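Chemist: structure for the following, please:
(one chain, ligands or ions: 1)
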Amino acid sequence: MAVWVLRYGHRRMRDARASTHVALTARALGAGGIIFEGDEDEGLMGRLRKIADEWGGKFEVRHTKDWQAEVERFKKRGGCFVHLTMYGLPLQENIGPIRAAKKDCLVLVGSQKVPAEAYHLADFNIAVGSQPHSEIAALAVFLDRYFEGRELERAFEGARRKIRPMKIGKDVFLCSDEGQV
Ligand code: SAM
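Modeler: Sure, this is the predicted structure:
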């Protein structure tokens with residue numbers, strides 16, 4: 001089952017760093033892509049595509065002008081729409097049913113205030129703890145619970161760059177070097 005992220009309300013100046021981190025977290029922790037709503041930030045999307053191209057795996061990045069139509073289309077195709085909000089129901093009690101539905105998921109995380117329609121359209125309004133924190137943290141915990149930790153073992157096919165894990169130090173190698181060590 002694929003998970004996609006919908007980043008609601010991106011503001012080019014204010015959210016550049018947080019939105020980048022939402023997208024990098026989505027990619028690193030198993031999502032298949034991200035859809036940005038708000039400012040159409042070609043620079044940000046270009047940088048993310050470049051990272052995905054270099055570090056491998058399939059990760060799509062695009063913008064939508066109409067998040068609601070996007071969600072309605074996704075639901076019509078049989079997908080499950082999850083809204084991460086501190087006001088929602090506890091993640092730990094609802095991740096089982098979300099996973100068991102065996103549907104593709106579209107996960108909305110906000111930047112600016114999320115409109116009431118999102119709460120009504122959501123199949124699940126989910127809280128990662130009933131405290132205010134961060135969209136990046138909420139998304140990371142959601143994805144890890146959804147994939148039950150298996151996302152950390154995922155291979156990123158076609159990577160041009162890889163890290164050789166080390167106890168101390170940094171080792172990044174180009175994949176054309178693989179097999180020569
Ligand atoms: N002030 C914004 C509002 O009124 O919606 C919330 C800002 S918050 C930093 C941005 C996003 O982080 C929220 O839209 C939500 O997706 C996510 N978030 C923050 N705390 C959360 C929590 N405890 N559980 C789930 N998501 C959370």
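Chemist: which ones are touching the residue nearest the centre of the chain?
Modeler: The centroid of the chain falls nearest to residue 26 when counting by CA atoms, centre = their mean (2.8 Å). Contact analysis of residue 26 by CB atoms under 8 Å, 6 or more residues apart in numbering lists 5, 33-34, 59, 139, 143. Yep, even glycine has a C-beta here, placed from its N, CA and C like the rest.
Chemist: could you dump those into CSV and include secondary structure, distance to the ligand and pLDDT?
Modeler: Output for the contacts of residue 26, formatted as CSV (DSSP: H, G, I helix; E, B strand; the rest coil; distance: CB to the nearest ligand atom, whole Å; pLDDT from 0 to 100):
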residue, secondary structure, distance to the ligand, pLDDT
5, strand, 10, 98
33, strand, 18, 98
34, strand, 14, 98
59, coil, 20, 98
139, helix, 8, 98
143, helix, 12, 98
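Chemist: what is the nearest of those residues to residue 159?
Modeler: Among those, residue 59 lies closest to residue 159 (CB to CB), at 11.6 Å.
Chemist: next up, the contacts around that closest one.
Modeler: Applying CB under 8 Å, 6+ apart, the residues near residue 59 are 26-27, 31-34, 48, 52.
Chemist: hmm, 10 Å instead?
Modeler: Going by CB atoms under 10 Å, 6 or more residues apart in numbering, residue 59 touches 23-24, 26-28, 31-34, 48-49, 51-53, 156.
Chemist: out of these, which end up buried?
Modeler: Among the contacts of residue 59, those buried by neighbour count (16 or more other CB atoms under 10 Å) are 23-24, 26-28, 31-34, 48, 51-52, 156.
Chemist: of those, which belong to strands?
Modeler: 33-34 (DSSP state E).
Chemist: so what's the backbone phi/psi at the one residue in the chain that gets nearest to the ligand?
Modeler: Minimum separation of the chain from the ligand (CB to the nearest ligand atom) falls at residue 110, amounting to 2.4 Å. Phi and psi for residue 110, reported as degrees, to the nearest 10, are phi -90, psi 170.
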